[in-house]
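A.B. asks: coordinates only, sequence not included:
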């Protein structure tokens with residue numbers, strides 16, 4: 001009887017959420033993507049991704065470089081791809097940063113970026129093509145809109161957009177921030193812990209949640225322990241353990257060192273799941289200094305993928321609670337980078353090929369929009 005009551009409550013909650021947030025989960029019909037024949041989607045393994053990236057770099061060395069920005073505890077390279085028309089040079093162009101797989105079990109995140117890399121390099125030199133066979137070229141780019149009123153959305157992507165993005169920006173992509181976590185299919189990395197504060201002489205557990213390990217407002221755990229779930233985030237055996245101190249992990253330190261050496265204007269970090277867009281602040285309802293700009297960029301991304309833009313800031317007195325030590329907060333507060341989180345799909349790793357291929361394709365449009373917006377983002381920051 002209790003189980004039936006719980007089931008009814010869950011169903012009622014789902015109905016309520018679908019009415020409250022009608023845009024969540026609406027898939028965009030895509031005419032020119034062919035699904036796989038196998039019944040379950042095959043995600044890239046770390047070795048497969050490594051081989052692919054090396055192969056792409058060898059074949060597209062004019063617009064793509066590949067380098068390791070660090071190694072994990074288990075010795076795996078943290079690969080960074082740069083896409084630019086002069087990839088070997090550091091140009092005076094806006095920098096755009098894409099990251100994925102801070103959490104290794106969130107497989108949809110890195111798949112979207114691997115797809116994006118392949119799409120960009122394979123189409124850069126391609127002539128403008130009539131992809132939908134209607135004798136028009138580039139008339140329906142990936143923007144979530146049926147631009148040619150034929151009942152299909154985004155079926156004639158623009159090759160010119162790809163060339164413009166690569167020619168006018170410097171695109172940096174870290175598809176697997178946590179390769180060890182991907183291999184282990186774990187939310188945390190695989191480094192050993194020596195007690196919750198690193199003071200034990202023996203290994204007590206393994207793994208840190210990398211997206212809690214960035215140096216931003218760690219002290220608030222001690223001021224508001226209930227709001228920030230002190231035990232869950234500071235106990236080393238917890239799934240959400242933040243680490244003994246900020247940037248204690250090879251992976252977050254690699255991101256820190258890389259970012260500090262670049263001029264990056266805007267970033268987008270992919271996670272899964274829930275189909276929402278989030279931006280700073282991640283730890284309070286207080287508005288960010290560039291709140292209007294965050295909302296403007298977020299709303300435009302939402303129009304492309306139909307995800308819900310989460311603001312949650314309708315309080316007269318700001319509230320504390322949420323996520324401390326996130327990459328988004330650190331990137332924005334310390335580096336001045338307009339930073340977003342994109343929570344993909346409705347599962348950590350969807351098995352249906354249609355779901356993951358749709359997410360991959362749609363977010364080519366999102367990523368291209370981010371590249372285009374980066375051209376004016378610094379001026380927009382100054383105007384607010």
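C.D. replies: In hand now; what should we look at? A quick note: this is a predicted structure, and the numbers were derived from the prediction, not measured. Numbers count the residues shown, from 1 in each chain.
A.B. asks: quick one: the strands in the stretch 151-300 of the chain?
C.D. replies: Along the stretch 151-300 of the chain, counting by DSSP state E, counting those that start in this stretch, strands occupy 170-174, 192-193, 205-206, 264-272, 276-278.
A.B. asks: can you redo these as CSV with mean neighbour count and mean pLDDT?
C.D. replies: (Glycine included, C-beta is placed from N, CA and C.) As requested, the strands of the stretch 151-300 of the chain are exported to CSV (neighbours: other C-beta atoms under 10 Å; pLDDT from 0 to 100):
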stretch, mean neighbour count, mean pLDDT
strand 170-174, 24, 98
strand 192-193, 17, 97
strand 205-206, 18, 96
strand 264-272, 24, 97
strand 276-278, 21, 95
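A.B. asks: Ok, which of those comes nearest residue 330?
C.D. replies: The stretch from the strands of the stretch 151-300 of the chain with the least distance to residue 330 (C-beta to C-beta) is strand 264-272; that distance is 10.6 Å.
A.B. asks: bridging residues for the residue nearest the centre of the chain?
C.D. replies: For the chain, the residue nearest the mean C-alpha position is residue 270 (1.5 Å; C-alpha atoms, centre = their mean). Counting by DSSP bridges, residue 270 forms beta bridges with residue 100, residue 342.
A.B. asks: residues in contact with it?
C.D. replies: For residue 270, the contact set (C-beta atoms under 8 Å, 6 or more residues apart in numbering) comprises 98-101, 106, 108-110, 112-113, 341-342, 344, 363.
A.B. asks: where does this structure dip in pLDDT?
C.D. replies: Along the chain, the model assigns pLDDT under 70 to residues 1-38, 312-314, 384.
A.B. asks: tell me the contacts of the nearest residue to residue 102 once chain neighbours are set aside?
C.D. replies: Spatial nearest neighbour of residue 102, excluding adjacent residues (C-beta to C-beta, 6 or more residues apart in numbering): residue 211 at 4.3 Å. By C-beta under 8 Å, 6+ apart, residue 211 lies in contact with 102-103, 271, 323, 325-327.
A.B. asks: mind checking how far residue 211 is from residue 162?
C.D. replies: Noted for residue 211: a distance of 30 Å to residue 162, by C-beta to C-beta, to the nearest Å.
A.B. asks: Residue 71 contacts residue 251, doesn't it?
C.D. replies: No. Assessed by C-beta atoms under 8 Å, residue 71 is found out of contact with residue 251, at 9.2 Å.
A.B. asks: Of these two, give the one with the bigger neighbour count.
C.D. replies: More crowded of residue 71 and residue 251, by other C-beta atoms under 10 Å: residue 251, with 29 against 15.
A.B. asks: State the distance from the more buried one to residue 167.
C.D. replies: Counting by C-beta to C-beta, the gap from residue 251 to residue 167 is 31 Å.
A.B. asks: Residue 354 now?
C.D. replies: Separation of residue 354 from residue 167 (C-beta to C-beta) stands at 33 Å.
A.B. asks: just to revisit the earlier point, can you list the strands of the stretch 151-300 of the chain in JSON lines and add distance to residue 39?
C.D. replies: JSON lines is the format used below for these (distance: least, C-beta to C-beta, whole Å):
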{"stretch": "strand 170-174", "distance to residue 39": "30"}
{"stretch": "strand 192-193", "distance to residue 39": "38"}
{"stretch": "strand 205-206", "distance to residue 39": "33"}
{"stretch": "strand 264-272", "distance to residue 39": "21"}
{"stretch": "strand 276-278", "distance to residue 39": "28"}
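A.B. asks: Show me where the stretch 251-384 of the chain has its helices.
C.D. replies: Along the stretch 251-384 of the chain, counting by DSSP state H, counting those that start in this stretch, helices occupy 291-305, 327-335, 353-383.
A.B. asks: ok so, going back, of the strands of the stretch 151-300 of the chain, give the one that comes closest to residue 141.
C.D. replies: In terms of C-beta to C-beta, the element of these nearest to residue 141 is strand 170-174, at 17.6 Å.
A.B. asks: Report the angle between the closest one and helix 353-383.
C.D. replies: Relative orientation of strand 170-174 versus helix 353-383 (axes from the mean of the first three to the mean of the last three C-alpha atoms, to 10 degrees): 130 degrees.
A.B. asks: Okay, angle between strand 170-174 and strand 264-272 too, please.
C.D. replies: With the same axes, to 10 degrees defining the directions, strand 170-174 sits at 30 degrees from strand 264-272.
A.B. asks: strands paired with strand 170-174, and their directions?
C.D. replies: strand 77-83 (antiparallel), strand 95-100 (parallel).
A.B. asks: which one is residue 281 nearest to, not counting chain neighbours?
C.D. replies: Residue 281 sits nearest to residue 288 (C-beta to C-beta, 6+ apart), 5.7 Å away.
A.B. asks: what about the one you found, neighbour count?
C.D. replies: Residue 288: 20 surrounding residues under other C-beta under 10 Å.
A.B. asks: what residues are up against residue 205?
C.D. replies: 192-193, 236-237, 241.
A.B. asks: quick one on the thing from earlier: if I look at the residue nearest to residue 281, how far off is residue 176?
C.D. replies: Counting by C-beta to C-beta, the gap from residue 288 to residue 176 is 28 Å.
A.B. asks: One more: residue 74?
C.D. replies: Distance from residue 74 to residue 176, by C-beta to C-beta: 13 Å.
A.B. asks: quick one, which of these two is more surrounded?
C.D. replies: In terms of neighbours (other C-beta under 10 Å), residue 176 is the more surrounded of residue 74 and residue 176; the figures are 28 against 13.
A.B. asks: Thought residue 101 was touching that one, still the case?
C.D. replies: Yes. Proximity of residue 176 to residue 101 meets the contact threshold set by C-beta under 8 Å, at 4.4 Å.
A.B. asks: Mutual contacts of the two, please.
C.D. replies: Common neighbours of residue 176 and residue 101 (criterion: C-beta under 8 Å, 6+ apart): 110, 182.
A.B. asks: burial count for residue 354?
C.D. replies: Look at residue 354: counted by other C-beta under 10 Å, it has 14 neighbours.
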